[in-house]
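*Asks:* What would the 3D arrangement of this be:
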Amino acid sequence: VEHMIVALEGLAVRLLDKDPRSNHYRYHDVMQALEEVTAKKNRNKQRKWDTEYLLKELLVHDLLQEVGTDTDGTPLYGFPHRTLMAYLAAMHYADEIEGRTAIRHTKLISYLRVAYVSRRAWLPEYQDVIVLLCAKLKNPMPVIRTLIPKDIEKPKGEEDDVFRNRLALAGLSLAEVRRE
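*Replies:* Predicted structure coming up:
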């Protein structure tokens, strides 16, 4: 079961990055994403993964669904709900930020992943991902701090707009912070 969760998290991130506004992905895109996930795991000497088998397992357990066909007859796949995709992507990012993945963890990797997530704060499709990420992190403040506008000018692409979307997202994220 754990291998399916890891594969789902990687799949969600890759598909969300490919087309954040969609929850319908072509067979080729799903297989390419699964191959990227499995190649990484196979390099790390974990059990060898077969992408076709993995896709069938995800479909059998309704973690991924066939949602129709494209104009050329290619099957389209999607998550049962976009919130599931957002949750899985958030879990993947949290594992990377907090060093629970197989990659060699450094402060630089954490910083780069936080910056990567922060740059996507402008996309409405990433709002749930960021809020769920903050709920999962033991210390979500580095992510939240990147969303809060400062009096000093931020680098291009990180400043807030007149509607204060980043500040509103920071507020939603703060509501998810666990008290200990």
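*Asks:* what's the weakest-modelled helix or strand in the chain?
*Replies:* Least confident helix or strand, the chain: helix 107-119 with a mean of 74, by mean pLDDT, DSSP states H and E.
*Asks:* could you point out which element follows it?
*Replies:* Of the helices and strands lying after helix 107-119 in sequence (DSSP states H and E), the nearest is helix 127-136.
*Asks:* Which elements pack onto that next one?
*Replies:* With contacts defined as 3 or more Cβ pairs under 8 Å, 6 or more residues apart in numbering; DSSP states H and E, helix 127-136 has these neighbours: helix 82-97, helix 107-119, helix 141-147, helix 165-174. To be clear about C-beta, it is placed using only N, CA and C from the backbone, and glycine gets the same treatment.
*Asks:* ranking these by mean pLDDT, which is last?
*Replies:* Looking at those, the lowest mean pLDDT belongs to helix 107-119 (a mean of 74).
*Asks:* Asp70: how many residues sit nearby?
*Replies:* 13 (other Cβ atoms under 10 Å).
*Asks:* got the contact list for it?
*Replies:* Asp70 makes contacts with Arg26, Leu76, as judged by Cβ atoms under 8 Å, 6 or more residues apart in numbering.
*Asks:* Quick check: phi and psi at it.
*Replies:* phi -80, psi 180 (degrees, to the nearest 10).
*Asks:* State the mean pLDDT of the host helix or strand of Tyr53.
*Replies:* Following DSSP H and E, one finds Tyr53 within helix 51-60. What helix 51-60 shows for mean pLDDT is 91.
*Asks:* average pLDDT for the helix or strand just after it?
*Replies:* Per DSSP H and E, the first helix or strand lying C-terminal to helix 51-60 is strand 65-69. For strand 65-69, the mean pLDDT works out to 95.
*Asks:* Pull up the pairing partners for strand 65-69, direction included.
*Replies:* Within its sheet, strand 65-69 is paired with strand 75-78 (antiparallel), according to DSSP bridges.
*Asks:* Next, the buried residues of the strand it pairs with.
*Replies:* Buried positions in strand 75-78, judged by neighbour count with 16 or more other Cβ atoms under 10 Å: Leu76, Tyr77, Gly78.
*Asks:* How much space separates Tyr93 from Leu137?
*Replies:* Tyr93 is 9 Å from Leu137, where distance means Cβ to Cβ, to the nearest Å.
*Asks:* for Leu64, same thing?
*Replies:* 26 Å.
*Asks:* for Tyr27, what are its contacts?
*Replies:* Per Cβ under 8 Å, 6+ apart, neighbours of Tyr27: Thr74, Pro75, Leu76, Tyr77.
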